[in-house]
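Visitor: Need coordinates for the below:
(one chain, ligands or ions: 2)
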Amino acid sequence: MQKTLILLKPDAVQKSLIGQILTRFEQKGYKVIGLKMMQMSEELVNEHYDFLMDKPFFPNIKSYMTSSPIVALALEGTEVIKGVRMLCGATNPAEAGPGTIRGDFAKNIDNNIIHSSDSEETAEKELARFFKSEELFDYSCLLYTS
Ligand code: ATP
Ligand code: MG
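Guide: Numbering: from 1, shown residues only. Ligands and ions are numbered 1, 2, ... in the order given. Take a look at the predicted model:
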């Protein structure tokens, strides 16, 4: 089954949106297999967004991502990587559709509430970056059983 890594960025935590965002994923039927609150270090931001290091907005990403704790979330489900990105909406909240997480809650591209992995290869790397193997759980989900 496909897995993905989600980060509820500092503004999601500071605006008390953790529960509402988690509910959207649970309602979609994705299984929570890992969950933790943590403070990102500058080193971890460098590693996570290394492909953006040369961009002029990289210093903003660094101060934003370290400005308060984040919540890291691992989800499992059929086609969960694409499904979560659809629920999140476009990178730029101005272009994110109504009803999407960014469309509903995010302010602008510098403060866009949420990260999610964009491919199976990325998801595998990102899950290992944020969770030790013993922090990811295998259990039976009762959602669809009577
Ligand atoms: P994320 O990786 O955070 O899920 P994404 O996959 O939608 O977002 P990426 O292209 O991977 O988009 O960009 C990573 C992050 O870098 C974005 O979420 C945003 O915070 C920031 N970013 C990307 N492009 C810009 C931009 N043009 N101006 C400012 N910030 C940007
Ligand atoms: Mg991305």
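Visitor: Okay, helices next: where are they in this structure?
Guide: With helices called from DSSP state H, the chain shows them at 10-14, 18-28, 42-48, 58-65, 80-88, 101-105, 120-130.
Visitor: and the fifth one, what other elements does it pack with?
Guide: Same thing as helix 80-88. Judged by 3 or more C-beta pairs under 8 Å, 6 or more residues apart in numbering; DSSP states H and E, helix 80-88 is in contact with strand 3-8, helix 18-28, helix 101-105, strand 114-116. For the C-beta atoms, the positions are set from N, CA and C on the backbone; glycine is no exception.
Visitor: repeat that with 10 Å
Guide: strand 3-8, helix 18-28, strand 70-76, helix 101-105, strand 114-116, helix 120-130 (3 or more C-beta pairs under 10 Å, 6 or more residues apart in numbering; DSSP states H and E).
Visitor: Turn those into TSV, including mean neighbour count, mean pLDDT and distance to ligand 1.
Guide: Below are the helices and strands packed on helix 80-88 laid out as TSV (neighbours: other C-beta atoms under 10 Å; pLDDT from 0 to 100; distance: least, C-beta to the nearest ligand atom, whole Å):
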stretch	mean neighbour count	mean pLDDT	distance to ligand 1
strand 3-8	25	98	7
helix 18-28	15	97	13
strand 70-76	23	98	11
helix 101-105	20	97	8
strand 114-116	23	98	4
helix 120-130	16	98	9
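Visitor: Between those, which one is closest to Arg85.
Guide: Nearest to Arg85, of all those, is strand 114-116, at 5.4 Å by C-beta to C-beta.
Visitor: What strands flank that closest one, and is each parallel or antiparallel?
Guide: Paired with strand 114-116 in the same sheet, following DSSP bridges, are strand 3-8 (antiparallel).
Visitor: quick one: the strand it pairs with to helix 120-130, angle?
Guide: Orientation of strand 3-8 against helix 120-130 (axes from the mean of the first three to the mean of the last three C-alpha atoms, to 10 degrees) gives an angle of 60 degrees.
Visitor: correct me, but Lys15 touches Ile101?
Guide: No. Lys15 is beyond contact range of Ile101, at 11.9 Å (criterion: C-beta atoms under 10 Å).
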